[in-house]
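Q: here's a sequence, model it:
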Amino acid sequence: MASGSIDQARETRESIQDLEEVEPSPVEETPVDAETDDGYFPQSNSAKLPLHAKSSSLGLSGHNPVYYLSRLHRYSTYAFTPFVLIHLTSTSLIPLATRSIPTSDRLLLSFRPLYHSPIGEVALILAPIAVHVTTGILLRLHRRRATAARYGAESRAERRKLRWPKLSGTSKLGYMLIPLLAVHAGVNRGLPVLVEGGSENVGLGFVAHGFARFPVLSNVVYIGVVGLGIAHFAWGWARWLGKRPEYIVEGGVSGQKRRKRRWWAINMAWALLTGVWLAGGIAIVGRGGVAEGWIAREWDGLYGRIFTDWA
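A: All right, here's what the predicted structure looks like:
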């Protein structure tokens with residue numbers, strides 16, 4: 001009896017997690033099965049065939065597009081994680097340890113070949129972000145289309161009457177992060193490449209100079225990128241690891257307490273990582289002050305390309 005209850009709870013949890021992987025949205029929304037879409041579309045005779053019977057000569061398994069989109073969405077997180085750890089080390093942990101921007105900048109140069117080379121930048125940063133955002137949008141559009149099909153909304157007027165699928169908290173964080181991340185990357189990487197052909201002269205000193213010149217804007221963007229980014233990251237990884245509170249299917253007071261502990265654990269991890277990153281990024285780098293000499297004039301020129309009203 002006990003083993004049967006455990007097996008049933010395990011199957012229930014796995015079912016919830018499979019439904020959750022379809023689209024970055026809460027499990028209480030209308031689910032779509034990642035492999036068959038049984039919740040919306042009836043299976044055809046061909047769809048009822050075993051997977052090995054549907055495999056093509058190329059070795060494809062016969063899964064529908066949602067299956068591949070959801071996995072691309074997931075694996076793009078894995079690809080981006082090494083860069084996040086490198087960036088945390090070079091922009092926060094090293095400044096915290098050295099308490100010196102010049103020393104930290106010299107150490108930063110040892111990390112740059114990993115993610116500023118043409119291959120490294122695409123593999124670790126550009127491709128994972130592009131894939132993650134694109135697949136998230138496509139999965140959301142699929143849910144919209146599936147909802148319309150479910151309710152028989154064929155015309156545009158009928159589809160307009162249907163509500164869009166509700167965004168989960170994790171998805172909201174991700175969409176809020178996009179414009180702030182674009183500003184951060186555009187100023188610190190895109191602008192130097194477009195103006196000077198590279199970012200060899202841009203490092204933590206450049207960031208400190210920007211904080212000194214534009215303190216309000218710099219703090220808002222930096223805190224937003226770090227806070228929203230780590231929150232999205234923490235809850236996303238909790239989902240991939242099957243550690244979100246709603247994956248605990250145990251009922252009663254005990255289950256409620258476990259879900260609450262899980263919720264606190266994820267948010268405490270977010271608060272800890274955010275605090276550490278901001279301690280190095282703002283308390284050390286952000287207080288580095290204005291640069292002097294020719295490099296100050298060069299950096300003023302770069303910032304002036306965007307912030308002409310302040311430069």
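
Q: so A265 is in which element?
A: Under the criterion of DSSP states H and E, A265 resides in helix 252-278.

Q: got the buried residues for that helix?
A: Using 16 or more other Cβ atoms under 10 Å as the test for burial, helix 252-278 gives R259, R262, I266, A269, W270, L273, T274, V276, W277, L278. Every C-beta, even on glycine, is put in place using the N, C-alpha and C of the backbone.

Q: sort out which residues of stretch 168-186 are buried, please.
A: Under 16+ other Cβ under 10 Å, the buried positions of stretch 168-186 are 168, 170-177, 180-181, 183-184.

Q: and S92, what is it in contact with?
A: Neighbour list for S92: V276, W277, L278, A279, G280, G281 [criterion: Cβ atoms under 8 Å, 6 or more residues apart in numbering].

Q: how near is it to G169?
A: With distances taken as Cβ to Cβ, to the nearest Å, S92 is found 25 Å from G169.

Q: one more: S254?
A: With distances taken as Cβ to Cβ, S254 is found 25 Å from G169.

Q: again with L272
A: When Cβ to Cβ is applied, the distance between L272 and G169 equals 19 Å.

Q: give me the nearest residue to I223, chain neighbours excluded.
A: Using Cβ to Cβ, 6 or more residues apart in numbering and skipping the chain neighbours, the partner closest in space to I223 is L278 (6.7 Å).

Q: how far away is that neighbour from T170?
A: Where T170 is concerned, L278 sits at a distance of 21 Å (Cβ to Cβ).

Q: do the same with R99
A: Applying Cβ to Cβ, one obtains 35 Å for the distance of R99 from T170.

Q: how many residues are close by G236?
A: Using other Cβ atoms under 10 Å, G236 has 20 neighbouring residues.

Q: do the same with R297
A: Residues lying near R297 (other Cβ under 10 Å) number 10.

Q: can you classify it as helix, strand or coil?
A: Each residue gets one of three states, and R297 gets helix by DSSP: H, G, I helix; E, B strand; the rest coil.

Q: contacts only, for it.
A: Residues in contact with R297 (Cβ under 8 Å, 6+ apart): none are found.

Q: tell me where the protein has helices.
A: Listed from the start of the chain, the chain has helices (DSSP state H) covering 2-20, 51-54, 65-88, 94-98, 101-116, 118-121, 127-150, 156-160, 169-185, 191-196, 204-213, 215-240, 252-278, 294-304.

Q: could I get those helices as a markdown table with distance to E246 and mean pLDDT?
A: Rendered in a markdown table, the data for the helices of the chain read as follows (distance: least, Cβ to Cβ, whole Å; pLDDT from 0 to 100):
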| stretch | distance to E246 | mean pLDDT |
| --- | --- | --- |
| helix 2-20 | 7 | 51 |
| helix 51-54 | 29 | 41 |
| helix 65-88 | 17 | 94 |
| helix 94-98 | 35 | 95 |
| helix 101-116 | 35 | 88 |
| helix 118-121 | 36 | 89 |
| helix 127-150 | 18 | 90 |
| helix 156-160 | 29 | 75 |
| helix 169-185 | 12 | 94 |
| helix 191-196 | 42 | 89 |
| helix 204-213 | 38 | 94 |
| helix 215-240 | 10 | 96 |
| helix 252-278 | 7 | 96 |
| helix 294-304 | 45 | 91 |
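
Q: could you dump these into a markdown table with distance to G286 added?
A: Shown next, in a markdown table, are the helices of the chain (distance: least, Cβ to Cβ, whole Å):
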| stretch | distance to G286 |
| --- | --- |
| helix 2-20 | 37 |
| helix 51-54 | 54 |
| helix 65-88 | 16 |
| helix 94-98 | 10 |
| helix 101-116 | 10 |
| helix 118-121 | 25 |
| helix 127-150 | 25 |
| helix 156-160 | 47 |
| helix 169-185 | 14 |
| helix 191-196 | 19 |
| helix 204-213 | 4 |
| helix 215-240 | 7 |
| helix 252-278 | 9 |
| helix 294-304 | 15 |
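
Q: what's the most buried one of those helices?
A: Scoring the helices of the chain by mean neighbour count under mean count of other Cβ atoms under 10 Å gives helix 204-213 as the most buried, with a mean of 22.

Q: residues in contact with it: which ones?
A: Residues outside helix 204-213 that contact it (Cβ under 8 Å, 6+ apart): 91, 95, 101-102, 104-105, 108, 187-188, 218-219, 222, 281-282, 285-291, 295-296, 299-300, 302-303, 307, 310-311.
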